[in-house]
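Enquirer: Build the 3D model from these lines:
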Amino acid sequence: MPLNSPIHKRCAPGLYIVTTPIGNLADITLRAVSVLGGVDLIAAEDTRHTRRLLAAHGIDNRLVSYHEHNEVRRTADLVERLAQGAAIAIVSNAGTPTVSDPGYRLVQAAVARNITVVPIPGVSAAITALSVSGLPTDQFIFVGFPPRGQSKRLEQLKNLAPLPLTLIFYQSPQRLLSFLRELQQIVGDRYAVLAREMTKLHEEFLRGPLSHIISELDQRETVKGECTLLISGAAPAAAAAPQDIDAAIDAFLSDQDRPLSEIARELATKLNVSRKQVYERALEIKKLK
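Expert: Numbers count the residues shown, from 1 in each chain. From the prediction side, this is the model:
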């Protein structure tokens with residue numbers, strides 16, 4: 001099906017969460033094109049932005065605004081339309097609605113009214129950046145935009161710092177440098193990847209220690225485009241030395257009422273060693289007493 005001549009089939013009643021491109025207008029699924037042409041109404045974060053996307057794919061449909069400033073009022077209106085059998089799509093300016101964008105209140109209200117909610121998946125800035133980062137992808141935390149208030153932001157970073165997981169942030173170009181400096185102060189000079197203008201003409205990936213990325217951006221007059229920042233997780237804690245394990249076991253064995261398996265489980269977590277290792281060593285020490 002050519003991108004400029006989609007087949008629009010009337011959508012069944014319900015709320016459609018439609019993912020849109022994060023930059024390149026060609027990065028949209030055929031299903032998303034079909035749904036955007038087949039619903040009764042599209043609720044858009046920015047109607048002008050969405051109208052350009054629709055025009056690029058030959059879609060002419062009704063639009064209403066749905067953003068953080070009218071979300072509460074608009075939600076009530078849209079839910080009533082949905083309850084009466086309308087098919088409505090919600091889109092953000094880029095990526096998936098409700099993910100660091102308006103929309104979750106509408107989904108919440110629709111679910112409460114037993115209205116069908118249909119995901120129309122597609123590209124994600126966080127996953128796109130992660131896929132080319134070279135950082136571990138088996139476990140990661142998507143943080144999204146950090147809090148605006150400095151005290152809350154620093155508290156969040158301090159809580160995230162010890163985690164051995166890849167951290168993914170969104171940040172605006174205006175706040176990027178100050179945020180990078182805060183990160184470096186709290187997590188150290190960790191390896192990071194800054195993804196900027198992904199899928200667009202001036203796509204860029206900066207890789208290296210935080211100090212390198214800060215130095216590179218310091219030399220630029222401006223930084224443009226929404227940014228996705230990935231930070232390597234904390235290094236695993238070193239396992240306790242054998243003598244420290246023995247000392248800890250000795251201290252715990254003085255409590256005769258606790259089962260050995262329970263002691264081993266607690267100590268294994270504290271000492272960063274296997275429960276089996278602690279249990280077997282505890283048996284040996286107990287026999288020597």
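
Enquirer: Thr47: neighbour count?
Expert: Thr47 has 16 neighbours, counted by other Cβ atoms under 10 Å. Backbone N, C-alpha and C define where each C-beta goes, glycine included.

Enquirer: ugh, wrong one, I meant Ser254
Expert: 7.

Enquirer: residues contacting it?
Expert: Neighbour list for Ser254: empty [criterion: Cβ atoms under 8 Å, 6 or more residues apart in numbering].

Enquirer: To which secondary structure element is Pro119 assigned?
Expert: strand 117-120 (DSSP states H and E).

Enquirer: partners of that strand, with directions?
Expert: According to DSSP bridges, strand 117-120 has the following sheet partners: strand 14-18 (parallel).

Enquirer: picking up where we left off before, any idea of the mean pLDDT in whichever helix or strand comes after the strand holding Pro119?
Expert: Note on strand 117-120: by DSSP H and E, the next helix or strand toward the C-terminus is helix 125-131. Across helix 125-131, the average pLDDT comes to 97.

Enquirer: Just give the number of residues close to Val187.
Expert: 21.

Enquirer: Which residue comes closest to it once chain neighbours are left out?
Expert: Nearest residue to Val187, sequence neighbours excluded (Cβ to Cβ, 6 or more residues apart in numbering): Ala161, at 4.8 Å.

Enquirer: wait, what's in contact with the one you found?
Expert: By Cβ under 8 Å, 6+ apart, Ala161 lies in contact with Ile186, Val187, Ala234.

Enquirer: taking these one by one, which sit in helices?
Expert: Secondary structure from DSSP state H places Ile186, Val187 of these in helices.

Enquirer: mind checking the SS state of the residue nearest the centre of the chain?
Expert: In the chain, the residue lying closest to the centroid (Cα atoms, centre = their mean) is Phe142, at 2.8 Å. What DSSP: H, G, I helix; E, B strand; the rest coil gives for Phe142 is strand.

Enquirer: Pretty sure it sits against Ile168.
Expert: Yes - judged on Cβ atoms under 8 Å, Phe142 makes contact with Ile168 at a distance of 4.8 Å.

Enquirer: Quick check: neighbours shared by the two?
Expert: Shared contacts of Phe142 and Ile168, counting by Cβ under 8 Å, 6+ apart, come down to Ala126.

Enquirer: Quickly note the distance from the residue nearest to the centre of the chain to Leu229.
Expert: Distance of Phe142 to Leu229, given as Cβ to Cβ, to the nearest Å: 11 Å.

Enquirer: so Leu230 is in which element?
Expert: Per DSSP H and E: strand 227-231 holds Leu230.

Enquirer: So what touches the helix or strand that that strand is followed by?
Expert: Where DSSP H and E defines the elements, the next helix or strand beyond strand 227-231 is helix 242-253. Outside helix 242-253, the residues that touch it by Cβ under 8 Å, 6+ apart are 240, 258, 263, 266-267, 270-271, 273, 277-278, 281-282, 285-286, 289.

Enquirer: I'd like to know which elements whichever helix or strand comes after helix 242-253 is packed against.
Expert: Downstream of helix 242-253, the next assigned helix or strand under DSSP H and E is helix 260-271. Packing contacts for helix 260-271, counted by 3 or more Cβ pairs under 8 Å, 6 or more residues apart in numbering; DSSP states H and E, involve helix 242-253, helix 275-288.

Enquirer: Could you tell me the angle between helix 260-271 and helix 275-288?
Expert: Counting by axes from the mean of the first three to the mean of the last three Cα atoms, to 10 degrees, helix 260-271 lies at 120 degrees to helix 275-288.

Enquirer: re earlier: looking at neighbours, which among the contacts of helix 242-253 is most surrounded?
Expert: If you count neighbours using other Cβ under 10 Å, the busiest of the contacts of helix 242-253 is Val278, which has 26 neighbours.
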